[in-house]
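1. Requesting a structural model of the entry that follows:
(2 chains)
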Number of protein chains: 2
Amino acid sequence: MDKNVPAEYLQNKITGEMGNAAGIFYPTNTAEVVACVKKANEKKQKIITIGGFTGLTGATFASQGEVLLCLKKMQQIIELDPQTLTLTVEAGTSLQAIQTYLDKTPYFYAPDPGSKEATIGGTAATNAGGMRAVKYGVTRDNVRGMEVVLADGTLLLVGDLNNKASSGYDLKDLFIGSEGTLGIITKLQLKLRPKPATAQSILIGFSNLAALAPVIYQILASGITPTALEFFEKSGLTYASNLLEIPVPSVAGAAFLLLTVDGNKKECQEQIDSLKELLIAADIVAFSTLTDTTAAEIWQLRGAIVSGVEAISIQEPLDIVVPINQITSTILYMKKLAQQLELAGVFFGHAGDGNIHACIMRQNLSDVLWQKRLESFLSQLYREIAARGGLPSAEHGIGLLKKKYFIENIAAEKLKLMQQIKTAFDPMGLLNPGKIFD
Amino acid sequence: MDKNVPAEYLQNKITGEMGNAAGIFYPTNTAEVVACVKKANEKKQKIITIGGFTGLTGATFASQGEVLLCLKKMQQIIELDPQTLTLTVEAGTSLQAIQTYLDKTPYFYAPDPGSKEATIGGTAATNAGGMRAVKYGVTRDNVRGMEVVLADGTLLLVGDLNNKASSGYDLKDLFIGSEGTLGIITKLQLKLRPKPATAQSILIGFSNLAALAPVIYQILASGITPTALEFFEKSGLTYASNLLEIPVPSVAGAAFLLLTVDGNKKECQEQIDSLKELLIAADIVAFSTLTDTTAAEIWQLRGAIVSGVEAISIQEPLDIVVPINQITSTILYMKKLAQQLELAGVFFGHAGDGNIHACIMRQNLSDVLWQKRLESFLSQLYREIAARGGLPSAEHGIGLLKKKYFIENIAAEKLKLMQQIKTAFDPMGLLNPGKIFD
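-> Below is the predicted model:
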């Protein structure tokens, strides 16, 4: 164990708060993880697993003198099996490394969360989604099997390469999205898909979010199957533009839908034609079929909205999700609530999934005003989202920062069952203590 | 409680054995289920939930004086929501009733297990699959939310209508496939899909299973996306033909692949063309694009293979699954093993999922010979399947009949974790005791 924990690992990136940890381990293989956990177990030492340190909910924040188990040295790409279309990797491998590796093959891994420095293990721990979830599902749908180390050091394989299973309880899906509280994911078998022949991105401009909102649901109900269906405002792109020094696209509009269709050339064209027909009656101000170069730039800008905001203000990153028929009214509700409370917000997200992101910005507000308004905003928002059948987090997780609102809005009996599972898996409460719930 | 339990509910359909139950309840709504469970709880009375009584593993067999909780009177179709494409139904609704209801709508529910008398709750309890899983997934992928009653009578809603979730543990997928051992499913929200414009079935004849086997994997690797991809031998169809009095199709061959493609007319034709091209080099003896009438007859025959076998012999129904690259060699392995042990077998299944069914037939064997040969066959088979990364059950479940082999071949630490979950959910062991594992 190294007692010298890098300061960056001790900071809560969102709040700026500094925590404390007893030390840090950098295991290089599963056996070392097992040994480390067994040792910690004997001493009742609490453990937080960390990966790319890109989480947005303080899920890896240490505040109880925990030991950090950093998996960044476990980044081996072990095997690509073209017969079962499976890629086996160590949990510390970054999304970027996986993408770079697959670039040279005919296959791709569908989940595409914003931060490419995220480790694949971290994305499984949070059930991350990303841009392409609307067509290809979230991490849960794209991880077939995992190697997991339990709180007592037991090594386990969950899931498998079978296409069907009715042979005992579904353990794999319990670990996915459990944010390091049930076990430590050390290895993953990822589902690959053949790369589509081609893809075409389209940018649709609207005069404002209110004009854009109804179109989301129309597209989804039409049978068009976009690979990605994103919404954002021009103001959001401007923050990204300033950070990346890439110009905001010259397409008219104050609010935009950005979507991609993929398949062979003919399939793409058919989808674009259907889309154009659908939009005849819509209140749009621009429809732009993007060149590959422009598309790459706009996707880069879209991906950098959060970083662009972070560069100029403390912010609260939201990740709510609602049933798809509620997305348009929810976007407008959020925007209005922020206005009422005089909070600046940047609204965007994965429209096709009902997943609305927003950065609520502190700007120049005093400590007192910021805390008061933000608390009021979040309390009302999360209550409203629960009433709409939505959830506080679609893909970031609950971690520390959303814990209060998660607990306030979940049914008590459901929370109790989750706590019972936690107790069964980790009776001494050693793994990522105090995250998701107490 | 009615102490007069219908004899049919007491029989293990596969072995013929008669069990014993303390009585039977027929609740008509969730409140009555809760009341019944709470009462049972006070008396530490064990409960077995039963639905359509169509299971194939003895999962609802009562042998400890349990109370049977029959959900057949809970068969209300509650709501079709076209906005979220969700159908809400009570758990005792049969697949047939759901299909009949949806026939009058533009939507369908994708899972299509063999027995249409199965209740939807039973199909969730076993994570049933069926013919269309190769394209549309299994029950797990098509159930969005469920109402569940826990062992202590607590009522719970798990899952929801959101397309993404990273807000606490995935409870829904734990109940699905848990065979009534973790909770009683009382209501379900099912995912609907728009009906495809058209569908086309194709029957491909081969001189024997050995010639057919390699073609399964070729089709799957080709990018063709069949809605169903079934294999069977002519001998299997003959049993069904005798039972249903429908003639065996006149298409040449001793072994067959039966597949369907769906979509618009053009998409179907493109897939058929690709298939024909793919098969130029294959060792086939017939390729028949079926009329709707013939297709309906052959699908009926395919669906009645098990009943046809049951009509003439006691049989052991198999439901193994292997990774898709192992399917061809596994079929041949099974056939050879049965021959070596002088056991008659009918081999068929969902080729596209790696899910091989077989009926191992007793015919005129003496008790002793049948038990000895079957035991030898099953022990060797399940060990081999485990070595290949497969599972003892793809869609029927473990229940009572596969328990021994399930336990013999699962990793001890995995079984232990399942047992810990069971204990956390049902500490007194009241729900479907002794099923899956002890």
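2. what does the stretch 51-200 of chain A put close to chain B?
-> Within the stretch 51-200 of chain A, the positions near chain B by C-beta under 8 Å from any C-beta of the partner chain are A:81, A:83-84, A:126-129, A:133-134, A:138, A:140, A:150, A:154-158, A:160-171, A:173-174, A:176-178, A:182, A:194. Glycine gets a C-beta too; all of them are placed from N, C-alpha and C.
3. try it again with 6 Å
-> Counting by C-beta under 6 Å from any C-beta of the partner chain, the stretch 51-200 of chain A comes close to chain B at A:83-84, A:126-127, A:129, A:138, A:154, A:156, A:160-170, A:173-174, A:177-178.
4. Weed out the non-buried ones from these.
-> Buried subset of these (neighbour count, 16 or more other C-beta atoms under 10 Å in any protein chain shown): A:84, A:126-127, A:129, A:138, A:154, A:156, A:160-170, A:173-174, A:177-178.
5. Narrow those residues to those in strands?
-> Per DSSP state E, strands hold the following members of those: A:Leu156.
6. any low-confidence regions in the stretch 151-300 of chain A?
-> Within the stretch 151-300 of chain A, the set of residues satisfying pLDDT under 70 is empty.
7. Could I get the full set of helices for it?
-> According to DSSP state H, counting those that start in this stretch, the stretch 151-300 of chain A carries its helices in the segments A:172-175, A:209-221, A:234-244, A:265-279, A:292-303.
8. outside of the last one, which residues touch it?
-> Yep, that's helix A:292-303 we're talking about. Contacts to helix A:292-303, defined as C-beta atoms under 6 Å, 6 or more residues apart in numbering or on different chains, come from residues A:Gly114, A:Ser201, A:Glu230, A:Leu237, A:Ala240, A:Ile246, A:Pro249.
9. what's the answer for the second one, then?
-> By C-beta under 6 Å, 6+ apart, the list of residues contacting helix A:209-221 from outside reads A:Phe206, A:Ala255, A:Ala282, A:Asp283, A:Ile324, A:Ile327, A:Thr328, A:Ile331, A:Leu332, A:Ala351.
10. buried stuff in it?
-> So for helix A:209-221, counting by 16+ other C-beta under 10 Å, buried means A:Leu209, A:Ala211, A:Leu212, A:Ala213, A:Val215, A:Ile216, A:Tyr217, A:Ile219, A:Leu220.
11. ok and it relative to helix A:265-279, angle-wise?
-> Per axes from the mean of the first three to the mean of the last three C-alpha atoms, to 10 degrees, the angle that helix A:209-221 makes with helix A:265-279 is 130 degrees.
12. wait, A:Gly52 sits on A:Ile120?
-> No - contact status for A:Gly52 versus A:Ile120: not in contact, 9.2 Å apart, counting by C-beta atoms under 6 Å.
13. Tell me which of those two has more neighbours.
-> Neighbours per residue, other C-beta atoms under 10 Å in any protein chain shown: of A:Gly52 and A:Ile120, the larger number sits with A:Ile120, 31 against 23.
14. Give me the three-state assignment for A:Asn60.
-> For the record, residue A:60 is Thr, not Asn. Recorded secondary structure, A:Thr60: coil (DSSP: H, G, I helix; E, B strand; the rest coil).
15. residue contacts, whatever residue of the stretch 1-150 of chain A ends up closest to chain B?
-> Nearest residue of the stretch 1-150 of chain A to chain B, counting by C-beta to the nearest C-beta: A:Gln83, 3.7 Å away. By C-beta under 6 Å, 6+ apart, A:Gln83 lies in contact with B:Asn325.
16. what about it, distance to B:Ala282?
-> 18 Å (C-beta to C-beta, to the nearest Å).
17. before we move on, what about A:Thr15?
-> Separation of A:Thr15 from B:Ala282 (C-beta to C-beta): 63 Å.
18. which other residues reach stretch A:105-115?
-> In contact with stretch A:105-115 (C-beta under 6 Å, 6+ apart) are residues A:54, A:98, A:102, A:123, A:128, A:130-132, A:136, A:139, A:142, A:190, A:192, A:194-195, A:303.
19. So which bits of the stretch 301-438 of chain A are right by chain B?
-> With C-beta under 6 Å from any C-beta as the criterion, the stretch 301-438 of chain A meets chain B at residues A:321, A:323, A:325, A:353-355, A:389, A:391-395, A:397-398, A:413-414, A:418, A:420-421, A:424, A:436.
20. Kindly recompute the last result at 8 Å.
-> For the stretch 301-438 of chain A, the contact set with chain B under C-beta under 8 Å from any C-beta comprises A:319, A:321-325, A:350, A:352-355, A:389-398, A:406, A:410-411, A:413-418, A:420-421, A:423-425, A:436-437.
21. tell me the SS of A:Lys372?
-> Applying three-state DSSP: A:Lys372 is helix.
22. so what's it up against?
-> Not one residue lies near A:Lys372 by C-beta atoms under 8 Å, 6 or more residues apart in numbering or on different chains.
23. what about the nearest residue to A:Arg362 once chain neighbours are set aside, neighbour count?
-> Nearest residue to A:Arg362 in three dimensions, chain neighbours excluded: A:Ile314, at 4.1 Å (C-beta to C-beta, 6 or more residues apart in numbering or on different chains). For A:Ile314, the count of nearby residues is 17 (other C-beta under 10 Å).
24. Mind listing the residues bridging to A:Tyr107?
-> Assessed by DSSP bridges, A:Tyr107 has beta-bridge partners A:Pro194.
25. Let me see the confidence value for it.
-> pLDDT for A:Tyr107: 96.
26. State the distance from it to A:Trp299.
-> Distance, A:Tyr107 to A:Trp299, by C-beta to C-beta: 20 Å.
27. same thing with A:Arg144?
-> Going from A:Arg144 to A:Trp299 by C-beta to C-beta gives 28 Å.
28. more neighbours, these two?
-> Between A:Arg144 and A:Trp299, A:Arg144 has the larger neighbour count (other C-beta under 10 Å), namely 22 against 18.
29. Near the closest residue in space to that one that isn't next to it in sequence, how many other residues are there?
-> Nearest residue to A:Arg144, sequence neighbours excluded (C-beta to C-beta, 6+ apart): A:Gln189, at 4.7 Å. Counted by other C-beta under 10 Å, the residues lying close to A:Gln189 total 22.
30. beta partners for A:Gln189?
-> Counting by DSSP bridges, A:Gln189 forms beta bridges with A:Thr88, A:Gly145.
31. how is chain A carved up into domains?
-> What the TED database lists as the domains of chain A is A:7-70, A:77-194, A:196-312, A:313-400.
32. Check these for me and report the most buried one.
-> Across the domains of chain A, averaging neighbours per residue (mean count of other C-beta atoms under 10 Å in any protein chain shown) puts domain A:77-194 on top, at a mean of 22.
33. Could you find which two of the contacts of stretch A:105-115 are furthest from each other?
-> Across the contacts of stretch A:105-115, the longest distance by C-beta to C-beta is 28.4 Å; it joins A:Thr54 and A:Pro194.
34. if we can go back for a sec, which residues do A:Gly52 and A:Ile120 both contact?
-> Shared contacts of A:Gly52 and A:Ile120, defined by C-beta under 8 Å, 6+ apart, comprise A:Ser94.
35. The closest residue to A:Glu342 other than its chain neighbours and chain B, how far apart?
-> Excluding the flanking residues, the one nearest A:Glu342 by C-beta to C-beta, 6+ apart is A:Arg373, at 6.8 Å. Here the criterion is C-beta to the nearest C-beta, to the nearest Å. By it, A:Arg373 lies 24 Å from chain B.
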